[in-house]
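K.L.:
Provide a 3D model corresponding to the input given below.
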Amino acid sequence: MYDVGVEDIVQANNIPNIALIEKNQLLLIPGVKVKKEVPLEKLSEKSLDFSWPLRGEILSYFGEQKDVWVNNGVNIRSDGGEKIMAARDGRVVFADYLSGYGETVILDHQDNFFTVYSENGATLLVKLNDMVTKGAPIVEITSNGGPFLHFEIRKKGIATNPLYYLP
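P.N.:
Here you go, the predicted model:
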């Protein structure tokens, strides 16, 4: 609403754990001089909320470094054979193999947010330009023996911590 990143709000308010923010909590929004009035029903539209694409143990968190790469999302364990669901309504803007990611689907949510879903042992269930709804299956993890989903949320092309947006 104010075009201020979640990370900036967390830092300005010295919030140690984003998951502990409560409804109606007073927060300083850096750089804001004028309060905006927003109808509450607009903020509560369920189609705008992100949902988990897969339930499972988080193997690697946003920002963790392993060898020479830094994780731009979260890696979630899968048992194989599971379907990955769209975290929000969107349009498929990429559905193919992506070097360094494996089989990958990228959704454009039409509001400067994109989500990235990737796994080397996966079957893509969507194709370029498909419109998908939140909760629709988009990828099936087919490998077993340690497969996982790599999931990213990008705002204006910049990777952000998915845990800031997931319930």
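K.L.:
From residue 4, how far out is the residue sitting nearest the centre point of the chain?
P.N.:
Within the chain, one residue has its C-alpha closest to the average C-alpha position: by CA atoms, centre = their mean, that is residue 153, at 3.2 Å. For residue 153, the distance to residue 4 equals 16 Å [CB to CB, to the nearest Å]. The way it works is simple: take the backbone N, C-alpha and C, and place the C-beta from them, glycine included.
K.L.:
Provide a list of residues in contact with the residue nearest to residue 49 when sequence neighbours are not counted.
P.N.:
Among residues not flanking residue 49 along the chain, residue 167 sits closest, at 7.0 Å (CB to CB, 6 or more residues apart in numbering). Residue 167 makes contact with 49-52 under the criterion CB atoms under 8 Å, 6 or more residues apart in numbering.
K.L.:
Distance of residue 167 relative to residue 87?
P.N.:
In this structure, residue 167 and residue 87 are 11 Å apart, going by CB to CB.
K.L.:
Now for the two: what residues contact both?
P.N.:
Overlap between the neighbourhoods of residue 167 and residue 87 consists of 50-52, taking contacts as CB under 8 Å, 6+ apart.
K.L.:
now the helix or strand hosting residue 138: how far from the chain's centre is it?
P.N.:
When elements are assigned from DSSP states H and E, residue 138 belongs to strand 137-141. When distances are taken as CA atoms, centre = their mean, to the nearest Å, strand 137-141 is centred 15 Å away from the chain's centroid.
K.L.:
quick one: contacts of that strand?
P.N.:
The set of residues external to strand 137-141 that reach it, using CB under 8 Å, 6+ apart, is 78, 80-86, 92, 103, 105, 107, 117, 119, 121-126, 132, 147, 149.
K.L.:
Within the sheet, what are the partner strands of that strand, with directions?
P.N.:
Strand 137-141 has the following strand partners under DSSP bridges: strand 83-85 (antiparallel), strand 122-124 (antiparallel).
K.L.:
so of the ones you listed, which one's packed in deepest?
P.N.:
Per residue and on average, the most neighbours among the strands paired with strand 137-141 fall to strand 83-85, with a mean of 19 (mean count of other CB atoms under 10 Å).
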